[in-house]
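J.: What follows is a predicted protein model with its sequence.
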Amino acid sequence: MSVNTAYLRKIPKIDEVLKQPSIEEAGRNCSHSILVESIRETLDGLRQRILGGYESVSLEMADICKEVQALITKKNTMHLRPVINATGIILHTNLGRAKLSDRAVEAIKSVAQDYNTLEYNLEKGARGSRYDHVEDLIAKITGAEDAIAVNNNAAAVMLILSTMAKGKEVIVSRGELVEIGGAFRVPDIMAQSGGILVEVGTTNKTHYSDYVNNITEQTGALLKVHTSNFKIMGFSEEVTLEEMVEIGHAKGLPVIYDLGSGAMVRLENYGIQDEPNVIDTMKTGVDILSFSGDKLLGGPQAGIIIGKREWIEKMKKNPLTRAFRIDKLTLAALEATLRDYLDPEVAIKSIPTLQMMCATKEDLLPKGQKLFDLLNKDPQGYTVELTEDFGQIGGGSVPTQMIPSIVVALKTTNISLDKLEEELRKVSLPIIARISKERMLFDVRTIEEHHFDYINETLRQLCAK
């Protein structure tokens, strides 16, 4: 293919583009290096398109400047930024899991903008511990003797095993050797901690005797893992936590429970089944329990460990604790979230994760009607329907539970749904929706009402093209 060298020579120089008024204006809002880099990349892109034989490559200065401006905007935009979650998945791992409460956000701002008491004891006028901010609070809410918080639940489990069972055998049911997101597996965490894995039972059935018969002088602990991201159905059997505590206490062995999701309220009261809660679980007499902060608790990412003081004190002295410690922003958000749990009724109303989980179809119908009415007012390029569908809790929590919800279902005439989904990801505040049965669904359970006008205006612009 011959290349039109004369066409290539029409590509302007960087200095020419820099002199354009629109580019000079754009340069006031970015660094000179980003400005020049954006021009260079735009011109290189034009060159490559011409060399590739693409037709109708515009070399009009106005069009070039628009490309440069768009690239500057992209380079100046934060990579980690907000999106609108219209999927109906409450704890969407890819979208940041739990939304924080207003109180938690304010707490983060307060300690981020000012010096703070992270490791300073005001009463003593001396150095304090960062864990003091949440330990007593967690213990009070859960009924545990003591508590410690680290940066996530995988770290919590590793710290627990490293402290309680390093160089010793840990007995686990084969059916509970789970893999959590990102290919992190319980056996791998066990190996890194220094514990020696002893698998008992089969994938679908583990009996009381399987634990008893495998206890030896080398056994350091019994471990139960809540299979929060999958369920074994049908011909299956597991040993309850109460039974494991019975075995452990009879044999003088600690029992560890990786609860995972960490619900702090009884979710069955709100129609969500098969999810144990932290407070009731502590009443079984389990020695150590761990769970996540950013799942059903509705707080920031953290791994929370509660249980017997003798073990928690040993964990605080473990060198891994420093590597796994949480920062001031996480501590602020966690403390604020936990304070709401001092009154469960307050927590239900103030923590977004709980609000969304507990909302019924009847609660959501007026909200869905409002979005539908906005979109259905003189629609162009699409049709909408207000209907029922199902959402999920997500985040590896309660995998078998589909939550009845209210959605606005959209069909398009001028743009394909796949293209619309792509374009919605490109707008200034991206809108993440899902496509089902040749419709794009906007589940109002996970959408804030103050975003309705923006969704309406965005869809009208994109669908009318």
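T.: Received it, and whenever you're ready, just let me know what you need.

J.: hey, let's count contacts and neighbours off CA atoms from now on
T.: Will do.

J.: which intervals of the chain have sub-threshold pLDDT?
T.: 1-3, 54-55, 180-184, 228-235, 396, 399-400 (pLDDT under 70).

J.: hang on, isn't residue 130 packed against residue 118?
T.: Yes. Using CA atoms under 8 Å, residue 130 is in contact with residue 118, at 5.3 Å.

J.: measure stretch 16-31 end to end?
T.: Using CA to CA, to the nearest Å, the end-to-end distance of stretch 16-31 comes out at 18 Å.

J.: go on, stretch 213-222?
T.: First-to-last distance for stretch 213-222 - CA to CA - comes to 13 Å.

J.: Figure out how far that stretch is from the centre of its chain.
T.: 36 Å (CA atoms, centre = their mean, to the nearest Å).

J.: now do stretch 149-159
T.: Worked out by CA atoms, centre = their mean, stretch 149-159 lies 16 Å from the chain centre.

J.: and what of stretch 266-282?
T.: Distance of stretch 266-282 from the chain centroid (CA atoms, centre = their mean) equals 20 Å.

J.: Not counting its neighbours along the chain, what's nearest residue 244?
T.: residue 255 (7.1 Å; CA to CA, 6 or more residues apart in numbering).

J.: for residue 443, same thing?
T.: Nearest to residue 443 is residue 407, by CA to CA, 6+ apart, at 4.3 Å.

J.: So that neighbour versus residue 439, what's the distance?
T.: Residue 407 is 11 Å from residue 439, where distance means CA to CA.

J.: Those two - which one has more neighbours?
T.: Neighbours per residue (other CA atoms under 10 Å) separate residue 407 from residue 439, with residue 407 holding more: 30 against 17.

J.: Dihedrals phi and psi, that one?
T.: phi -130, psi 150 (degrees, to the nearest 10).

J.: Distance of it relative to residue 435?
T.: 12 Å.

J.: ok, now residue 381?
T.: 17 Å.

J.: Would you agree the residue nearest to residue 244 is in contact with residue 222?
T.: Yes. Between residue 255 and residue 222 there is a contact under CA under 8 Å: 4.9 Å.

J.: what is in contact with those two at once?
T.: Shared contacts of residue 255 and residue 222 (CA atoms under 8 Å, 6 or more residues apart in numbering): 244, 248.

J.: check contacts around residue 206.
T.: 173-175, 200, 237-239.

J.: Can you say which of those are buried?
T.: For these, a burial check counting by 16 or more other CA atoms under 10 Å picks out 173-175, 200, 237-239.

J.: Show only the entries of those found in strands.
T.: Judged by DSSP state E, strands contain the following of these: 173, 200.

J.: which two of the buried ones among the contacts of residue 206 lie the greatest distance from each other?
T.: Pairwise distances across the buried ones among the contacts of residue 206 peak at 12.7 Å for 200 and 237 (criterion: CA to CA).

J.: Measure how buried residue 269 is and give me the count.
T.: 9.

J.: quick check, it in a helix?
T.: Yes. The assignment for residue 269, made by DSSP: H, G, I helix; E, B strand; the rest coil, places it in a helix.

J.: any idea how far it lies from residue 349?
T.: From residue 269 to residue 349 the distance is 15 Å (CA to CA).

J.: wouldn't residue 425 be in contact with residue 434 here?
T.: No. If you go by CA under 8 Å, residue 425 and residue 434 don't touch, sitting 11.7 Å apart.

J.: Of these two, which one has the most company?
T.: Neighbours per residue (other CA under 10 Å) separate residue 425 from residue 434, with residue 434 holding more: 18 against 15.

J.: How about residue 193: what's its closest non-neighbour residue?
T.: Closest to residue 193 by CA to CA, 6+ apart is residue 162, at 4.6 Å.

J.: name the element the one you found belongs to?
T.: Assigned by DSSP states H and E, residue 162 belongs to helix 153-165.

J.: Show me where the stretch 101-250 of the chain has its strands.
T.: For the stretch 101-250 of the chain, strands defined by DSSP state E, counting those that start in this stretch occupy the ranges 120-121, 126-127, 146-150, 169-173, 179-180, 184-185, 196-200, 219-225.

J.: Out of the ones you listed, indicate the one that is most buried.
T.: Ranked by mean neighbour count, the strands of the stretch 101-250 of the chain are led by strand 146-150 with a mean of 27 (mean count of other CA atoms under 10 Å).

J.: Show me this protein divided up by domain.
T.: 8-76, 84-93+356-463, 102-350 (automatic domain parsing).

J.: ok now stretch 73-81, how far from the chain's centre?
T.: Relative to its chain's centre, stretch 73-81 lies at 20 Å (CA atoms, centre = their mean).

J.: sorry, that was for stretch 416-431
T.: Worked out by CA atoms, centre = their mean, stretch 416-431 lies 21 Å from the chain centre.

J.: buried sites along it?
T.: Neighbour counts over stretch 416-431 (16+ other CA under 10 Å) mark 417, 420-421, 424, 429-431 as buried.

J.: Kindly format the C-alpha coordinates of it as PDB.
T.: This file holds the C-alpha atoms of stretch 416-431, laid out as PDB (Å, rounded to 0.1, in the frame of the first residue of the first chain):
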ATOM      1  CA  SER A 416     -27.000  -1.100  20.300                       C
ATOM      2  CA  LEU A 417     -27.100  -2.000  23.900                       C
ATOM      3  CA  ASP A 418     -23.400  -3.100  23.800                       C
ATOM      4  CA  LYS A 419     -22.400   0.300  22.400                       C
ATOM      5  CA  LEU A 420     -24.500   2.100  24.900                       C
ATOM      6  CA  GLU A 421     -22.900   0.100  27.700                       C
ATOM      7  CA  GLU A 422     -19.500   1.100  26.400                       C
ATOM      8  CA  GLU A 423     -20.500   4.800  26.000                       C
ATOM      9  CA  LEU A 424     -21.900   4.900  29.600                       C
ATOM     10  CA  ARG A 425     -18.500   3.900  30.800                       C
ATOM     11  CA  LYS A 426     -16.900   6.900  29.000                       C
ATOM     12  CA  VAL A 427     -18.900   9.700  30.500                       C
ATOM     13  CA  SER A 428     -17.600  12.000  33.200                       C
ATOM     14  CA  LEU A 429     -19.400  10.100  35.900                       C
ATOM     15  CA  PRO A 430     -19.500   6.500  34.500                       C
ATOM     16  CA  ILE A 431     -22.700   4.600  34.800                       C
END
